[in-house]
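Colleague: sharing a sequence plus its predicted fold:
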Amino acid sequence: MRKYILLLALGLGITACTKAPALKIYTLNVPEVQQNMQGTFTHKIIKVTYPQSLREQMSQKMNFSYSINDRGTYQNSQWSNHMSKLLQGTLIDVLERSRLFKAVLADTSTLKENYRLESNIFAFEHRVRAEQSHSVVSIQFTLIDADSGKLVKSRRFSYQEPTPSTNAKGYATATNVILARLSADLLGWLR
């Protein structure tokens, strides 16, 4: 009888140890944008470079922080791709849908561009402080004339959006709200 109980306990222990929570995958939604059929850039080509991070470690992991020194990543939740790739793809999609430019390309394209849009990420995280929980995004965009190499203009966009919950799902939801605002602001700035 003891052997049976021991084997049953051992079997239950192994089963319990191997049943980890399912990994939840989140992505960035491409927001709806206004189309621009006329303007300064309608006959120009732009390349969107791979976003660089100055402070945040960018990966598929979803970053959170409870203080300046207390940082981590969600264990059972992640982005659907490397965050810089998701951002680059989303920016390309937003610019294409806006029709602000004749063509919008990734920086891997060998086609000659008229302009280059570079971006530096200063913050991209779920920030929890006491009872407050926010998605925080801060990105600086730089528009460069590809022919001369000169700066056309540069601007930093920073957002803080309350999350509907303090978990990864709430963070992803709030981040997508920010992305819609960022897209509209970026297009307005580029026009």
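Modeller: Received, thanks. Keep in mind the model is a prediction, meaning the values are calculated, not measured.

Colleague: strands of this structure, residue ranges please.
Modeller: 24-26, 45-48, 52-53, 61-65, 71-79, 103-106, 115-129, 132-145, 151-162 (DSSP state E).

Colleague: need those in TSV (columns: mean neighbour count and distance to residue 184).
Modeller: The C-beta positions use only the backbone N, C-alpha and C, and glycine is treated the same way. Supplementary listing: the strands of the chain in TSV, determined by neighbours: other Cβ atoms under 10 Å; distance: least, Cβ to Cβ, whole Å:
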stretch	mean neighbour count	distance to residue 184
strand 24-26	16	22
strand 45-48	23	17
strand 52-53	15	23
strand 61-65	19	24
strand 71-79	16	22
strand 103-106	18	17
strand 115-129	19	16
strand 132-145	19	14
strand 151-162	14	10
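
Colleague: residue 90: which of those strands is closest?
Modeller: Checking the strands of the chain against residue 90 by Cβ to Cβ gives strand 45-48 as the closest, at 9.7 Å.

Colleague: partners of that closest one, with directions?
Modeller: Strand pairing for strand 45-48, determined by DSSP bridges: strand 103-106 (parallel), strand 115-129 (parallel).

Colleague: convert the C-alpha atoms of the longest one to CSV, please.
Modeller: So the one you mean is strand 115-129. Listed next in CSV are the C-alpha coordinates belonging to strand 115-129 (Å, rounded to 0.1, in the frame of the first residue of the first chain):
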residue,chain,number,x,y,z
TYR,A,115,14.5,60.1,-47.0
ARG,A,116,15.5,57.9,-44.1
LEU,A,117,13.5,57.7,-40.8
GLU,A,118,15.6,56.7,-37.9
SER,A,119,14.3,55.9,-34.4
ASN,A,120,15.8,55.6,-31.0
ILE,A,121,13.8,54.0,-28.2
PHE,A,122,14.2,55.6,-24.8
ALA,A,123,11.4,53.7,-23.0
PHE,A,124,9.2,50.7,-23.8
GLU,A,125,7.9,49.1,-20.7
HIS,A,126,5.1,48.3,-18.3
ARG,A,127,5.7,50.6,-15.3
VAL,A,128,4.0,49.8,-12.0
ARG,A,129,4.3,52.2,-9.1
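
Colleague: taking the mean pLDDT, what do you get for it?
Modeller: Strand 115-129 comes out with an average pLDDT of 95.

Colleague: can you name the residues that contact residue 164?
Modeller: Residue 164 is in contact with 170, 173, 174, counting by Cβ atoms under 8 Å, 6 or more residues apart in numbering.

Colleague: run through who's touching whichever helix in the chain runs longest.
Modeller: When the chain is parsed with DSSP state H, its longest helix is helix 168-190. With Cβ under 8 Å, 6+ apart as the contact definition, helix 168-190 has outside contacts at 24, 26-29, 31, 33-34, 36, 41, 62, 64, 74, 76-77, 90-91, 94-95, 98, 100, 126, 133-135, 137, 139, 141, 143, 153, 155, 157, 159, 161-165.

Colleague: again, but for stretch 107-114
Modeller: The contact list for stretch 107-114, computed with Cβ under 8 Å, 6+ apart, reads 41, 44-50, 103, 105, 116, 145-147.
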